[in-house]
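Asker: Task: produce atomic coordinates for the following.
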Amino acid sequence: MRDALVIIPTYNERDNVEAIADAVLDSTSRCEILFVDDGSPDGTGEIAACLQANNERAHVLHREAKEGLGRAYIAGFQWALERDFQYILEMDADFSHPPTDVPRLIEAVEHADLVLGSRYIGGIRVINWPLHRLILSRGASLYVRLITGMKFSDPTGGFKCFRRAVLETIPLVEVGSNGYSFQIEMTHLTWQLGFSVQEIPIVFDERRSGDSKMNSSIVREALWMVWKIWYNAGLRRKAGPAHPRSILSQEDQPL
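Answerer: Numbers count the residues shown, from 1 in each chain. Okay, the predicted model is just below:
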């Protein structure tokens, strides 16, 4: 079984893709990297293909059109499961998630089923954000916690690491979110299924180059999708009993 795979969705990230690949692969010998490119018109996919040709630890999955963050990650998860990776990470291409923390997430997931890289546990560690963006992010976290019952400090974050058992158990084709609410739904499904979830602190920095993919339609989707996620859980606001495939299922000590 292969060790860890870092999945990075890309769309018009030509200025970041080579540098992030080098940084991630240099951070630990345990991981490989997969770019899921949604037909970037700026040539991101071609750069990723060159990386793949020159490094056996670099891979690219080309998709014909931009279909959204959620669909890109689902495709990446399926690719990883088919190739027997034990740990599967999500990460952005823009250096907002520090590559040096990749080994920390992999080490932490050896003792949990899902590890969340948190911007807010034990304090706020966000760099170069305007105040309104920070207020929006913190407000979204509180909104999610109040509706779903999850206690995690950063349920909207996109830097995380799954054990393969979690992704094998979640019915990926039924995941309904596609924007940033995808991160909320995946964490909520993991928690509701009784898998253990741990948060570790990270420092989040604003992207180095390129344009943010955040827009008003993504915010609107997240606002109503949280209610749908809660409804689909039968209005339940508690974690499920320890899943038989959870790393902690024999200990009866949910996090």
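
Asker: and stretch 26-33, average pLDDT?
Answerer: When pLDDT is averaged over stretch 26-33, the result is 97.

Asker: Run through the helices of the stretch 151-255 of the chain in chain order.
Answerer: 164-169, 181-192, 216-232 (DSSP state H, counting those that start in this stretch).

Asker: which one of the ones you listed lies closest to Tyr120?
Answerer: When these are compared by C-beta to C-beta, helix 181-192 sits nearest Tyr120, at 14.0 Å. Bear in mind the C-beta positions are built from the backbone N, C-alpha and C, glycine included.

Asker: And the average pLDDT for stretch 7-20 is what?
Answerer: 96.

Asker: can you dump the C-alpha coordinates of it into CSV?
Answerer: Output of stretch 7-20 as CSV, limited to C-alpha atoms (Å, rounded to 0.1, in the frame of the first residue of the first chain):
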residue,chain,number,x,y,z
ILE,A,7,-4.4,16.4,-3.8
ILE,A,8,-4.3,19.9,-5.1
PRO,A,9,-7.2,21.2,-7.4
THR,A,10,-6.0,23.8,-9.9
TYR,A,11,-7.6,26.3,-12.2
ASN,A,12,-5.3,29.0,-13.6
GLU,A,13,-2.5,28.5,-11.1
ARG,A,14,0.5,28.5,-13.5
ASP,A,15,2.4,30.9,-11.2
ASN,A,16,2.1,28.5,-8.2
VAL,A,17,2.0,24.9,-9.5
GLU,A,18,5.7,24.2,-9.9
ALA,A,19,6.7,26.0,-6.7
ILE,A,20,4.0,24.2,-4.6
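
Asker: Now do the buried residues in the helix or strand bottoming out on mean pLDDT in the chain.
Answerer: Across the helices and strands of the chain, the lowest-confidence element by mean pLDDT, DSSP states H and E is helix 216-232, at a mean of 82. Within helix 216-232, the residues scored as buried using 16 or more other C-beta atoms under 10 Å are 218, 221-222, 225-226, 229-230.

Asker: Which elements pack onto that helix?
Answerer: When contacts are defined as 3 or more C-beta pairs under 8 Å, 6 or more residues apart in numbering; DSSP states H and E, helix 216-232 sits against helix 131-148, helix 181-192.

Asker: residues in contact with it?
Answerer: With C-beta atoms under 8 Å, 6 or more residues apart in numbering as the test, helix 216-232 has contacts from 136, 140, 143-144, 147-148, 156, 176-181, 184-185, 188, 237.

Asker: Then stretch 174-181?
Answerer: 67-71, 74, 156, 158, 182, 184-186, 189, 214, 217-218, 221-222, 225-226, 228-229, 232.
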